[in-house]
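Engineer: What follows is a predicted structure for the sequence shown.
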Amino acid sequence: MTDADNSEQDGAVLALDAVCLTRGDRQVLRDVTLHSRARRIGIVGRNGSGKTTLARVISGLVPVDSGTLKVCGVDVVRDRKAALRTVGILFQNPDHQIIFPTVHEELSFGLTQMGQSKTEAARRVAAILSEFGKSHWADAATHSLSHGQKQLVCLMAVIAMAPRVVVLDEPFSGLDIVTRMQLGRYLSQIAAAVVHVSHDPASLQDYDHVVWLDAGQIVQQGPAQDVLAAYVTQMKALGAGDDLSDLAG
Ligand SMILES: Nc1ncnc2c1ncn2[C@@H]1O[C@H](COP(=O)(O)OP(=O)(O)OP(=O)(O)O)[C@@H](O)[C@H]1O
């Protein structure tokens, strides 16, 4: 039996072992080992701690230097076709995600990449737009949408592909309270497991398993209450000081 079969059978959403990644002369991820079957996994850490890099690694967008990684039993780097069905990511900035001139084209792209015919994809796009009450957006120019509307297009594009895991890289940071609550409520209802990366402990307080990342290393992981309490205590202690050297990069 292969490792992939094992992690599929033990129900692990994430199975990372000793993952290391260097960018330039900086070690961005150090020996990250993370196994979780939780449906709601939070990753918390300061600016520059490696959260976005880890989100991209989990989404199969960045190969690691060493270590192993499986998402729902799938090697998301090597098996890109399976990865498309397994994991979808929402970026902080929708302009980094949207590449097509119209909403319909944007939503269709991932579906045709997954092997759906144009007709099948068009049917699925119509269904997802209708589900979100946005059928009138089909021909809208993506560049003309507001930040929140673009983020909703990205969310619909991910949901349309029905991945087993949705990775959120702080997608709510530029949204107003109402939009954030509405998108958050929708995400809390989807069948997919969620891996949510954030520097904000409040957004992860209801999560099943929280991982605290600092300087590319896991400091602590476990129940949200324990990990977030320790994180907040340390952030308050650091915030009370005047040293800005951590932001030097
Ligand atoms: N392509 C790259 N080349 C060099 N350094 C990089 C690269 N990508 C990331 N880094 C460095 O890796 C570290 C982690 O970056 P990352 O964006 O993953 O952190 P983050 O926790 O998401 O930060 P933030 O909360 O500020 O978005 C940073 O010091 C960053 O400068």
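Structural biologist: In hand now; what should we look at? Numbers count the residues shown, from 1 in each chain.

Engineer: quick one: is stretch 47-63 near the ligand?
Structural biologist: Yes. If you take C-beta under 6 Å from any ligand atom as the test, stretch 47-63 does meet the ligand, through Asn47, Gly48, Ser49, Gly50, Lys51, Thr52, Thr53. Bear in mind the C-beta positions are built from the backbone N, C-alpha and C, glycine included.

Engineer: just checking, the fourth one touches Leu29?
Structural biologist: Yes. Taking contacts as C-beta atoms under 8 Å, Gly50 lies within contact range of Leu29: 5.4 Å.

Engineer: And the longest helix along the chain, what does it pack against?
Structural biologist: For the chain, the helix that runs over the most residues, judged by DSSP state H, is helix 224-239. Applying 3 or more C-beta pairs under 8 Å, 6 or more residues apart in numbering; DSSP states H and E, we find helix 224-239 packed against strand 40-45, strand 209-214, strand 217-222.

Engineer: quick check: angle from the second one to strand 40-45?
Structural biologist: In this structure, strand 209-214 runs at an angle of 20 degrees to strand 40-45, with axes from the mean of the first three to the mean of the last three C-alpha atoms, to 10 degrees as the basis.

Engineer: Equivalent analysis for the last one, please.
Structural biologist: Computed with the same axes, to 10 degrees, the direction of strand 217-222 lies at 140 degrees from that of strand 40-45.

Engineer: residues of strand 217-222 that come out buried?
Structural biologist: Ile218, Val219, Gln220, Gln221 (16 or more other C-beta atoms under 10 Å).

Engineer: Let me see the contact set for the first one.
Structural biologist: So that's Ile218. Listed by C-beta atoms under 8 Å, 6 or more residues apart in numbering, the contact set of Ile218 reads Val32, Thr33, Leu34, Val211, Trp212.

Engineer: In a helix, Val19, correct?
Structural biologist: No. Assessed by DSSP: H, G, I helix; E, B strand; the rest coil, Val19 does not belong to a helix; its assignment is strand.

Engineer: Any figure for the gap between it and Gln225?
Structural biologist: Distance, Val19 to Gln225, by C-beta to C-beta, to the nearest Å: 26 Å.
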